[in-house]
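Peer 1: here is a sequence together with a model predicted from it:
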Amino acid sequence: MKQFSVKIEVKLKPVVLDPQGKAVLNALGGLGFSEVSDARVGKVVELTMEGESAEEVSGKADEMCRRLLSNPVIEDSSVEVVEKQDA
């Protein structure tokens, strides 16, 4: 079995209001960062997984997103898989 680093990003879909992102945008403006025109807040989940291939691990990570890590009705998720090299 090989080891893989898996990075999963979960973000609200663009059509879903993001009150936390709005609060960040307002706070940044209050701190003088007027060049910021939009902010969206999401989450990142980092995993170390074992598997035969990156494709297998990516498929399992996609399933984890559908079943636990994201709400597919209001969130989009993306998965990045990188094989760990022996040290």
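Peer 2: Cool, the structure landed. Numbering: from 1, shown residues only.

Peer 1: surely Lys84 meets Glu50?
Peer 2: No - the pair Lys84 / Glu50 is not scored as a contact, 9.8 Å apart, by C-beta atoms under 8 Å. From N, CA and C alone the C-beta is placed, and that goes for glycine too.

Peer 1: between those two, which contacts overlap?
Peer 2: 2-4 (C-beta atoms under 8 Å, 6 or more residues apart in numbering).

Peer 1: which strand or helix spans the residue lying closest to Met64 once chain neighbours are set aside?
Peer 2: Nearest non-adjacent residue to Met64, counting by C-beta to C-beta, 6 or more residues apart in numbering: Ile8, 7.5 Å away. Using DSSP states H and E, Ile8 sits within strand 2-12.

Peer 1: what are the pairing partners of that strand, and which direction each?
Peer 2: strand 42-51 (antiparallel), strand 75-83 (antiparallel) (DSSP bridges).

Peer 1: want to try JSON lines for those, with distance to Leu25, mean pLDDT and mean neighbour count as columns?
Peer 2: Listed next are the strands paired with strand 2-12 as JSON lines, based on distance: least, C-beta to C-beta, whole Å; pLDDT from 0 to 100; neighbours: other C-beta atoms under 10 Å:
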{"stretch": "strand 42-51", "distance to Leu25": "14", "mean pLDDT": "97", "mean neighbour count": "14"}
{"stretch": "strand 75-83", "distance to Leu25": "19", "mean pLDDT": "97", "mean neighbour count": "16"}
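
Peer 1: so for Pro14, which of these sits nearest?
Peer 2: strand 75-83 (8.4 Å; C-beta to C-beta).

Peer 1: give me the contact list for that closest one.
Peer 2: Contacts for strand 75-83 (C-beta under 8 Å, 6+ apart): 2-13, 16, 42, 54, 57-58, 61-62, 65, 69-70.

Peer 1: how about stretch 9-28?
Peer 2: Stretch 9-28 has contacts (C-beta under 8 Å, 6+ apart) with 36, 38-45, 65, 69-70, 74-78, 80.
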